[in-house]
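[1] What follows is a predicted structure for the sequence shown.
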Amino acid sequence: MTDRPAVEAAGLTKSFGDLAVLDGVSLAVARGSIFALLGRNGAGKTTIVRILATLLRPDSGRATVAGYDITRQRRQVRHAISLTGQYPAVDALQTGAENLQMMGRLSGLPARQARTRASQLLEGFGLAGAADRRVAAYSGGMRRRLDIAASLVARPAVIFLDEPTTGLDLPSRQALWQMIAGLTGHGVTIFLTTQYLEEADQMADRVAVIDGGAVVADGTAAELKARTAGYRLDLVAAGTAAYSALLAALGPRALGRDPGRLSISAASDGAAASVRALLDHIDPDRTLVATFTLHATSLDDVFLALTGHPHQQSQVQDSQGRPHG
Amino acid sequence: MADLLLARSGTVPSRPGGPRQAAADCAILALRSIRLATRRADAMLTALLMPVMLMLVFGYLFGGAISAAIPGTGYVTYLAPGVVLTCVMLGASTTAVTVNGDATAGIIDRFRALDINGAAFLAGHVSAAALRNAVSAALVFAVAVPMGLRSAASPQAWLAVAGLIVLLILAVSWLAALGGLLVSSPDAASSFTFFLMLIPFTSSAFVPVATMPHWLQAFARNQPATIIINSVRSLLEQQPAGTAPWLAVAWWGGLTLAAAALSPAAFQRRAR
């Protein structure tokens, strides 16, 4: 099992009534890595997680988790994984310790070991001081930490975290990132979903971008950034007529546009020669472009390029095989 | 941190599954539900105050008007079983809302991911509900005695009364728990109360069926609530109960079994 991916999915589809939520999702997650599934609300992230965690059955397609088939070996899959969803799965009226002890007992630990395990986890997640307080009195960040701690009671091999930091303020989010990053090792695999590019960028070894129920790109954060040519050239047109002319000249290479500010973005490799060539090509008389700035591509740009403008998807895919232009 | 939290070197918990696992899960979840119930002040207050209130209101305010129509031992003795039924129905609404709270929160996914049996999940809730309702029922009798409940029933008859009430509580709690699992929101679960309250009011709980409109009498006389209430009354008043207690056992036992049998499927279906 060592060299098999911790999670492997091929052609997963799922519809709810007429609504096709997943339209052939394929992905692979290496054992011991942190994998981020990046997408907007409604992109199908939660549906994928629920299918992989055996809570939903796919309409078609196959997947294995920890080497077990998610439809034929549900029981084995369930023993190997943990799932922390978007909604809190701890009791507000029990204390932190009581919640974890209960999960320990339900996981099959004898009472004494459930207590030991609970205090271990409370310690590890910085909740030892709040162990005997009811969860109702916890802050959002503490509650989320307890929630994740509760999912680790049984020492899962694959940990699913569905939007672990949604709704948290920045300090709590950063604290949680550190804790999640600290969980890797011993072959434990973390599969998280997020709407935050920053989160995927900071934490994940690999990122898959999902949009419209399909994976539109996947790779390391650096690879994804490289796909949109590494740099983004922002042009500000000299006037409305110039703006239209530039847009026409750029054609599909215009990645983003802001008519209000007369600005257009295009992908670039950042080299002076190619920037000069591009400007000469679209503005031979040197009258249309007023100013330009060059930015290193953020994962945000990748995301926008991949999902924000569906008609440009083909153009981005082209960039894998051949240079723009 | 990973060393401490995830290394599989410590005792790796195991869940062998099967009926023993289900029984263990049920016990753990029952303890949870009981603990949570004692911490829900409003539900606890309802469970404790409602029996007292209903006995006082019906016994003293309405009792004078109604007792003329009651043959035999007096209205308090007549009333007590009806108030027990009403309290059980009110308690059912708490049960449905509590189960729905679990079902609409993330915790049900965690339970399902642990492979917890749906019947064990609901049985945990039913255990807590049964305990809460048993306290309510005991309170009804605790208030009824100083109000004038008189019964020379034998210990065996009292035991039979207790058995019937426990069966009623189990059946209604299972049905409420199943309902709470199936409806979409806590609001929907709490609107159960309305329908559940129709059951005592269309039975012999408060007034004799003979005083009801004719079109209602056939239903009121034969519905399971009337059957069990009349059985309890007969036992308390040492009247011959005939086959009514057995019919009550068949009705409410059947409903319990049906609800329990449906619960694993409902549990799986819950998250679609």
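    Structure received.
[2] How is chain A divided into domains?
    Listed domain ranges for chain A are A:7-219, A:228-321 (source: automatic domain parsing).
[3] what's the closest of the ones you listed to chain B?
    Chain B lies closest, by Cβ to the nearest Cβ, to one member of these: domain A:7-219, at 3.5 Å. In this view, the C-beta of every residue, glycine as well, is placed from N, C-alpha and C.
[4] which SS class is residue A:108?
    coil (DSSP: H, G, I helix; E, B strand; the rest coil).
[5] isn't it right up against residue B:15?
    Yes. Taking contacts as Cβ atoms under 8 Å, residue A:108 lies within contact range of residue B:15: 4.6 Å.
[6] Of these two, which one has the most company?
    residue A:108 (21 against 18; other Cβ atoms under 10 Å in any protein chain shown).
[7] What score does that one have for pLDDT?
    On the pLDDT scale, residue A:108 is placed at 88.
[8] Quick check: phi and psi on it?
    Backbone torsions of residue A:108, given as degrees, to the nearest 10, read phi 110, psi 10.
[9] Let me see the contact set for it.
    Residues in contact with residue A:108, defined by Cβ atoms under 8 Å, 6 or more residues apart in numbering or on different chains, are A:154, B:13, B:14, B:15, B:16.
[10] List the residues that contact the last one.
    I take that to be residue B:16. residue A:108.
[11] and stretch B:23-38, anywhere near chain A?
    Yes. Contact of stretch B:23-38 with chain A (Cβ under 8 Å from any Cβ of the partner chain) involves B:25, B:28, B:29, B:32, B:35, B:36.
[12] Can you redo the residues you listed as JSON lines, where the extra columns are distance to residue A:218?
    Putting those into JSON lines (distance: Cβ to Cβ, whole Å) gives the following:
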{"residue": "B:25", "distance to residue A:218": "39"}
{"residue": "B:28", "distance to residue A:218": "41"}
{"residue": "B:29", "distance to residue A:218": "40"}
{"residue": "B:32", "distance to residue A:218": "41"}
{"residue": "B:35", "distance to residue A:218": "45"}
{"residue": "B:36", "distance to residue A:218": "43"}
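[13] Residue A:60 and residue A:11 touch, don't they?
    Yes. Between residue A:60 and residue A:11 there is a contact at 6.6 Å, judged by Cβ under 8 Å.
[14] out of these two, which sits in the busier spot?
    Of the pair residue A:60 and residue A:11, residue A:11 is the one with more neighbours under other Cβ under 10 Å, namely 14 against 11.
[15] Make sure that one is actually in contact with residue A:26.
    Yes. Taking contacts as Cβ under 8 Å, residue A:11 lies within contact range of residue A:26: 5.9 Å.
[16] okay, and the common contacts of the two?
    Both residue A:11 and residue A:26 are contacted by residue A:61, under the criterion Cβ under 8 Å, 6+ apart.
[17] hmm, back to that, residue B:142: which of the contacts of residue A:108 is nearest?
    Using Cβ to Cβ, residue B:15 comes nearest to residue B:142 of the contacts of residue A:108, at 42.5 Å.
[18] ok so that closest one is a strand residue?
    No. Going by three-state DSSP, the assignment for residue B:15 is coil, not a strand.
[19] Count the residues that sit near residue A:174.
    Residues near residue A:174, counting by other Cβ under 10 Å, number 15.
[20] tell me how far stretch B:203-214 is from the chain's mean position?
    23 Å (Cα atoms, centre = their mean, to the nearest Å).
[21] what's the average pLDDT for that stretch?
    88.
[22] same thing with stretch B:130-140?
    Mean pLDDT, taken over the full extent of stretch B:130-140, equals 94.
[23] Cool, thanks, talk later.
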